[in-house]
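> fold the following, please.
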Amino acid sequence: LSLLSHPEVSDPSMKLTATNSTKTFLGILNDASQTPVFGYDLCTDPATPTIPTELSNSYQFVDTRTSAPLFSTLHNALALHASAYAQWQRRSKHCPQCGAPQSLTDHGTKLVCTACQTPSWPRQDPSMIAVISSRCRQKLLLARSPRHAERLHTTLAGFVEAGETFEDAVRRETYEEVGIRIDADSVRYIGSQPWPFPQSTMIGFQATADDEVELTIDETEIVSARWFSREEVERAARVEGPTMQKAVAEKAVKDDPSIPLLIPPKGVIARKLIDQWLSE
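Sure thing, here's the model as predicted:
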């Protein structure tokens, strides 16, 4: 993650302040200087992102979704925070009440309609993500979606519907995606993670289910799903690198063609849920 000082950003040779970039206040670091941090969105056209020529020799754009987990804890948090604001600002050009243009205020963290003055803030769509284990705790239910690389399986996830509790969302999504009922009262909250792709917050849970029940996969969302043994998951956990990136996943399979499973890298909540199960 590139952290430029105020003099560097203000340097005319960098030409950052001359572009149509958007600056957003992200917070204050917990250091001796209480340093404020701002995010610069340089993608005036997200479909074809380019870097100002003055920066292209030293910096490049990477996919936050697959690269942020490789950053330090602080840089990961800053990258997700900045991405969330950038996504919201790009999509929210007009007032949701009257359709008039909106203008940014409060250092990029709030939008106000230029006509009716209605204020708005970034929206967060809660999504559940759950690791489902067998009752004996020796098997884990993992699934692969069409966007995942070969053999990359992860935990089940889905949006929380209006008027639904997080726990009910875990029960419903598990049944809809793989056709099994989780055990009553087995849902336990583990943790959360912002996931601004485009505007979600992942709420992580653990639950159990009967691994003898036949799976019925929703083929519109899932390519494959099955119960993996503890040994298979432990073997997958030893694979290093950003396995969510296709090239990395393909290399892992090429290096070890017999490996039955790949799992998400450390730094994402899906891996946190899996690692917690492995530690039990």
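> and the strands in the stretch 151-280 of the chain?
Remark: strands assigned in the stretch 151-280 of the chain by DSSP state E, counting those that start in this stretch are 156-159, 188-195, 200-209, 224-229.
> nearest to residue 91, out of those strands?
Residue 91 lies closest to strand 200-209 among the strands of the stretch 151-280 of the chain, at 13.6 Å (Cβ to Cβ). In this view, the C-beta of every residue, glycine as well, is placed from N, C-alpha and C.
> need the contact partners of that closest one.
With Cβ atoms under 8 Å, 6 or more residues apart in numbering as the contact definition, strand 200-209 has outside contacts at 124-135, 137, 141, 157, 159-160, 166-167, 170, 174, 180-183, 186-195, 269, 272-273, 276-277.
> and the buried ones among these, selectable in PyMOL?
Burial among the contacts of strand 200-209 is assessed by 16 or more other Cβ atoms under 10 Å; the matching PyMOL selection reads:
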select buried, resi 127+128+129+130+131+132+133+134+141+157+160+166+167+170+174+180+182+186+187+190+193+194+195+269+272+273+277
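> need the contact list for residue 243.
Listed by Cβ under 8 Å, 6+ apart, the contact set of residue 243 reads 149, 152, 249, 252, 262, 263, 264, 265.
> just the C-alpha atoms of stretch 24-36, please, in PDB.
The C-alpha coordinates for stretch 24-36 follow below in PDB (Å, rounded to 0.1, in the frame of the first residue of the first chain):
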ATOM      1  CA  THR A  24     -11.400  11.100   1.600                       C
ATOM      2  CA  PHE A  25     -10.500  11.200   5.300                       C
ATOM      3  CA  LEU A  26      -9.900   7.700   6.600                       C
ATOM      4  CA  GLY A  27      -9.000   8.400  10.200                       C
ATOM      5  CA  ILE A  28      -6.000   9.100  12.500                       C
ATOM      6  CA  LEU A  29      -3.100   6.700  13.100                       C
ATOM      7  CA  ASN A  30      -2.400   5.600  16.700                       C
ATOM      8  CA  ASP A  31       1.100   7.000  16.500                       C
ATOM      9  CA  ALA A  32       3.000   9.700  18.500                       C
ATOM     10  CA  SER A  33       2.100  12.300  15.900                       C
ATOM     11  CA  GLN A  34      -1.600  11.300  15.600                       C
ATOM     12  CA  THR A  35      -1.100  11.300  11.800                       C
ATOM     13  CA  PRO A  36      -4.300  11.800   9.800                       C
END
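> for the residue nearest to residue 26 when sequence neighbours are not counted, which three-state class applies?
In this structure, residue 26 finds its nearest non-sequential neighbour in residue 37, 4.6 Å apart by Cβ to Cβ, 6 or more residues apart in numbering. Under DSSP: H, G, I helix; E, B strand; the rest coil, the three-state class of residue 37 is strand.
> just checking, residue 37 touches residue 29?
Yes. Counting by Cβ atoms under 8 Å, residue 37 touches residue 29, with 6.1 Å between them.
> using CSV, lay out the contacts of residue 243 together with distance to residue 219, neighbour count and pLDDT.
Putting the contacts of residue 243 into CSV (distance: Cβ to Cβ, whole Å; neighbours: other Cβ atoms under 10 Å; pLDDT from 0 to 100) gives the following:
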residue, distance to residue 219, neighbour count, pLDDT
149, 18, 17, 89
152, 18, 23, 96
249, 21, 20, 93
252, 26, 21, 94
262, 21, 27, 97
263, 22, 27, 97
264, 22, 24, 95
265, 27, 19, 93
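> go through these and name the one nearest residue 4.
Looking across the contacts of residue 243 and measuring by Cβ to Cβ, the closest to residue 4 is residue 265, at 27.0 Å.
> now that we're looking at the closest one, how far away is residue 174 from it?
Computed as Cβ to Cβ, to the nearest Å, the residue 265 to residue 174 distance reads 24 Å.
> quick revisit: tell me the one among the contacts of residue 243 nearest to residue 5.
Using Cβ to Cβ, residue 265 comes nearest to residue 5 of the contacts of residue 243, at 30.4 Å.
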